[in-house]
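1. Structure of the sequence below:
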Amino acid sequence: MCLDDVANVFTILGFFVAIIAVIAAFFIPRKIMVDQIYADLVSEYRSPEMGGAILSIIDFFVEDCGRSLERIPKEYETRYNMEIRDKLKEVKKLENEPIDFAKTLHFQRRLVAQYYWDMATLRYTYHFPRLSKKQLRHFMTENETKLLNLILYMGIAATKVMLDIGAIDPAPEDDIKMNNLICQLFEEVEAWDV
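-> Next up, the predicted model:
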């Protein structure tokens, strides 16, 4: 083998090492970022606020709806009126201090839906890398599938109880995308053999 051949081999080898280094320089920080976001989401899931919101949603379905999906729209509207509309009327009449709506079913549903949307975003919109199926399977249980389904049903009911504020331009694609991502997450988790 002559020196030119050896130089060519080292040039080609150096080229491949450079490509691997560039890929690693891109991949490793992104992988760390995805893992950190996932860890933050798991930490958020374990918070008392999230736990309370989940328990409130389950209690609403079991107690108010009698475990019937068909009753969700009617019962959701009843709770929304009692916890939000009636309180707003009371505040207007009495000029009281503003009410903390964080403990209402509507806002607890929103908290949990936002959490699952963040998880779905990490799974479906991040690329190279994204949240792996293994990480998602480690987190999701059969009860998570049921909770996702409840969130979707309650989300539909929530759109029907909002105050009519008149004609407004169509919603941006991102708002529609949120429910699509949660649906996609639900379909993937439901398809697993839990």
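
2. Give me the packing partners of the longest helix seen in the chain, helices and strands only.
-> Identified as the longest helix of the chain according to DSSP state H is helix 3-45. Judged by 3 or more C-beta pairs under 8 Å, 6 or more residues apart in numbering; DSSP states H and E, helix 3-45 is in contact with helix 105-124, helix 133-139. For glycine as for every other residue, the C-beta is placed from the backbone atoms N, C-alpha and C.

3. tell me the mean pLDDT over it?
-> In this model, helix 3-45 has an average pLDDT of 88.

4. and the angle for it with helix 105-124?
-> 170 degrees (axes from the mean of the first three to the mean of the last three C-alpha atoms, to 10 degrees).

5. Quick check: phi and psi at Cys65.
-> Backbone torsions for Cys65, taken as degrees, to the nearest 10, come to phi -100, psi -10.

6. I meant Gly66, not that one.
-> Per degrees, to the nearest 10, the backbone of Gly66 is at phi 60, psi 40.

7. Might you report the residue contacts of Ile156?
-> Pro73 (C-beta atoms under 8 Å, 6 or more residues apart in numbering).

8. Please work out which residues outside stretch 130-144 touch it.
-> Applying C-beta under 8 Å, 6+ apart, the contact partners of stretch 130-144 are Val34, Tyr38, Val42, Tyr45, Met119, Leu122, Arg123, Tyr124, Glu188, Val189, Trp192, Val194.

9. Same list (these) but as TSV, adding distance to Ile57.
-> Shown next, in TSV, are the contacts of stretch 130-144 (distance: C-beta to C-beta, whole Å):
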residue	distance to Ile57
Val34	27
Tyr38	23
Val42	19
Tyr45	14
Met119	16
Leu122	22
Arg123	21
Tyr124	23
Glu188	21
Val189	17
Trp192	22
Val194	20
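
10. Most neighbours among these, which one is it?
-> Met119 (26 neighbours; other C-beta atoms under 10 Å).

11. What residues does it make contact with?
-> Met119 neighbours (C-beta under 8 Å, 6+ apart): Leu41, Leu131, Leu136, Phe139, Leu185.

12. go again using 7 Å as the cut-off
-> For Met119, the contact set (C-beta atoms under 7 Å, 6 or more residues apart in numbering) comprises Leu41, Leu185.

13. Against Phe60, how distant is it?
-> Shown here: Met119 relative to Phe60, a distance of 22 Å by C-beta to C-beta, to the nearest Å.
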